[in-house]
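**Student:** Fold the stuff below for me.
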Amino acid sequence: MKLISRATIAEAWLDGCRHLLTTRGWVDTTVLLCIHEPTLVRHDHQAVADALDNFLVEHDQFSNHTVAETIFPGYEYVRRGVEGVYKVYPEEIYPRIKKHPDMRRWGAYAYRLLRRRDGDGNQYNPLEYCINKMKDKRPKRAAYEIGFGFDLALYDDDVDRGARMGGPCLSHLSFKLVDTKVHLTALYRSQYYVQRAYGNLLGLARLHAFVADQVGVEQGTLVCHSTMAVLEHGRSWGWLKGEVPPLISQCQGLLQPRTTS
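**Tutor:** Next up, the predicted model:
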């Protein structure tokens with residue numbers, strides 16, 4: 001078990017990698033990253049992301065941005081605003097990308113946030129419903145003491161219950177609206193720190209910022225809880241064990257040391 005509390009994604013991700021290097025088999029359970037400024041990207045932090053991107057691309061893996069887009073369609077939001085998220089992505093973009101053999105169910109997170117069917121078979125938008133509930137300022141006695149809770153399940157028992165492997169790693173999202181800030185906690189059943197974790201955190205941060213913007217409040221803390229965290233390696237992943245420590249050392253060296261007051 002490990003709790004890591006840092007200001008930014010780059011710092012939290014690096015500390016998570018360094019922790020896993022100390023564990024048996026580079027695997028640990030219950031690793032929590034608490035990120036206080038999830039959208040803050042300093043110049044040296046971007047250099048860390050670029051170094052990891054170069055490593056992933058050289059090993060025929062998806063970039064951090066591509067992974068992030070599977071969680072929240074930030075590109076469509078920048079281009080077309082809310083309509084790009086609520087309509088264009090699920091109706092035009094996702095039907096094309098879901099055919100890619102490497103996407104499978106792990107790439108369906110954004111779609112699951114935007115399109116579900118209720119018990120009567122009617123289609124609805126879970127994310128939009130969640131945001132509209134947060135916009136409702138009326139007191140909710142049942143949740144008053146702990147803030148207003150708003151949850152989105154990514155695991156779909158109807159679809160996923162038969163899969164032992166290959167199902168969605170991101171299981172649940174929980175938003176908490178407290179005073180003037182919205183906080184986000186994401187639960188992962190598995191988190192792969194080289195291939196996915198940085199991109200996952202980017203996607204969560206963008207989703208988090210979108211929700212805060214739509215509700216009209218500030219973005220609070222992002223917590224990523226991995227019930228299993230893995231610093232993966234081996235030929236099946238596309239890189240050898242000996243390549244991972246130099247990557248982490250390179251990224252660590254790119255971060256400028258900062259003094260604390």
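
**Student:** Was I right to think Gln250 contacts Asp50?
**Tutor:** No. The criterion here is CB atoms under 8 Å, and Gln250 misses it with Asp50 at 10.8 Å. The C-beta positions use only the backbone N, C-alpha and C, and glycine is treated the same way.

**Student:** Tyr198 versus Arg18, what's the distance?
**Tutor:** Noted for Arg18: a distance of 14 Å to Tyr198, by CB to CB, to the nearest Å.

**Student:** Between the two, point out the one with more neighbours.
**Tutor:** When neighbours are counted by other CB atoms under 10 Å, Arg18 and Tyr198 differ, and Tyr198 comes out ahead with 27 against 16.

**Student:** which ones are touching that one?
**Tutor:** Residues near Tyr198 by CB atoms under 8 Å, 6 or more residues apart in numbering: Ile9, Trp13, Ala49, Leu52, Asn64, Val67.

**Student:** Out of those residues, flag the one nearest to Ala229.
**Tutor:** Trp13 (11.0 Å; CB to CB).

**Student:** Can I get whichever strand or helix holds that closest one in PDB, CA atoms only?
**Tutor:** Here Trp13 sits within helix 9-21, counting by DSSP states H and E. Taking C-alpha atoms only, helix 9-21 is exported to PDB below (Å, rounded to 0.1, in the frame of the first residue of the first chain):
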ATOM      1  CA  ILE A   9       0.500  14.700 -12.600                       C
ATOM      2  CA  ALA A  10       4.200  14.400 -13.500                       C
ATOM      3  CA  GLU A  11       5.400  14.400  -9.900                       C
ATOM      4  CA  ALA A  12       2.800  11.900  -8.800                       C
ATOM      5  CA  TRP A  13       3.400   9.600 -11.700                       C
ATOM      6  CA  LEU A  14       7.200   9.600 -11.100                       C
ATOM      7  CA  ASP A  15       6.800   8.900  -7.400                       C
ATOM      8  CA  GLY A  16       4.500   6.100  -8.300                       C
ATOM      9  CA  CYS A  17       7.000   4.600 -10.600                       C
ATOM     10  CA  ARG A  18       9.800   5.000  -8.100                       C
ATOM     11  CA  HIS A  19       7.700   3.300  -5.400                       C
ATOM     12  CA  LEU A  20       7.000   0.300  -7.700                       C
ATOM     13  CA  LEU A  21      10.700  -0.100  -8.400                       C
END
